[in-house]
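*Asks:* Can you look at this prediction? I've put the sequence above it.
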Amino acid sequence: MGNVFSGGGRSLSMSNGGTAVFVDVLMLAVSDLAESARDHRFAALLALQDQNVMGRGAVGFDLEDVDWGRTPYEGAAAKGFVLRVLDLALRRHRWDELDYGPPFAEEYLRQYREMFEAFAPAPDTARRVGGPSFPGPEAAVTASCVRHRVLCVPAHWEGCVFCTGLR
């Protein structure tokens, strides 16, 4: 069983272990870049991919379900933020803090970046706010795990993606 991240007619399928690593390295990057409310909502979406909480083989999302904003400007800004997160993760940002070597993370990130770069957000996807995949404004993550310095979703669990893996 695995997980699928898709968008624009393309997809990235990963094993459960590969997904865990993918989410870990993305959380390290998104936690250091998130500034706006929309950035924190995207961070919440990534945090909700924690299989230790959501279940093995039960995570993944389609980019079509993400709120890209109401205008082309908002969509471009949102897409730019995600590209910055992916680029920071590809530069191995904070990977030295991991207690394991992420052997396939770079390839997963490259594939996802290519898929994401080719993805064209549909205008006015804001109507999907709070839908099944993208957290609404009230679910934006603003709390950070003190121990691991990454954003977490306290409404769903205590701790971050690294804390839940320690249980």
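*Replies:* That came through, no problem.

*Asks:* Next, count neighbours for the residue lying closest to S15 once chain neighbours are set aside.
*Replies:* In this structure, S15 finds its nearest non-sequential neighbour in G2, 5.0 Å apart by Cβ to Cβ, 6 or more residues apart in numbering. Bear in mind the C-beta positions are built from the backbone N, C-alpha and C, glycine included. When neighbours are defined as other Cβ atoms under 10 Å, G2 has 14 of them.

*Asks:* right, and G2 touches M14 too?
*Replies:* Yes. Assessed by Cβ atoms under 8 Å, G2 is found in contact with M14 at 5.7 Å.

*Asks:* Show me where the protein has its strands.
*Replies:* Listed in chain order, the strands of the chain (DSSP state E) span residues 2-7, 10-15, 143-144, 151-152.

*Asks:* Out of the ones you listed, the one nearest Q111 is which?
*Replies:* Q111 sits nearest to strand 10-15 of all the strands of the chain, at 5.3 Å, using Cβ to Cβ.

*Asks:* What is the least confident helix or strand in this structure?
*Replies:* helix 51-54 (a mean of 63; mean pLDDT, DSSP states H and E).

*Asks:* Spell out the residue ranges of the helices in this structure.
*Replies:* 16-33, 37-47, 51-54, 72-90, 105-118, 161-166 (DSSP state H).

*Asks:* tell me, what residue is most central in this structure?
*Replies:* For the chain, L46 is the residue whose C-alpha lies nearest the centre (Cα atoms, centre = their mean; 2.8 Å).

*Asks:* Could you pull up the residues touching it?
*Replies:* L46 is in contact with V23, L26, M27, V30, counting by Cβ atoms under 8 Å, 6 or more residues apart in numbering.

*Asks:* do you know how far it is from H40?
*Replies:* 11 Å (Cβ to Cβ, to the nearest Å).

*Asks:* repeat for L12
*Replies:* Counting by Cβ to Cβ, the gap from L12 to H40 is 24 Å.
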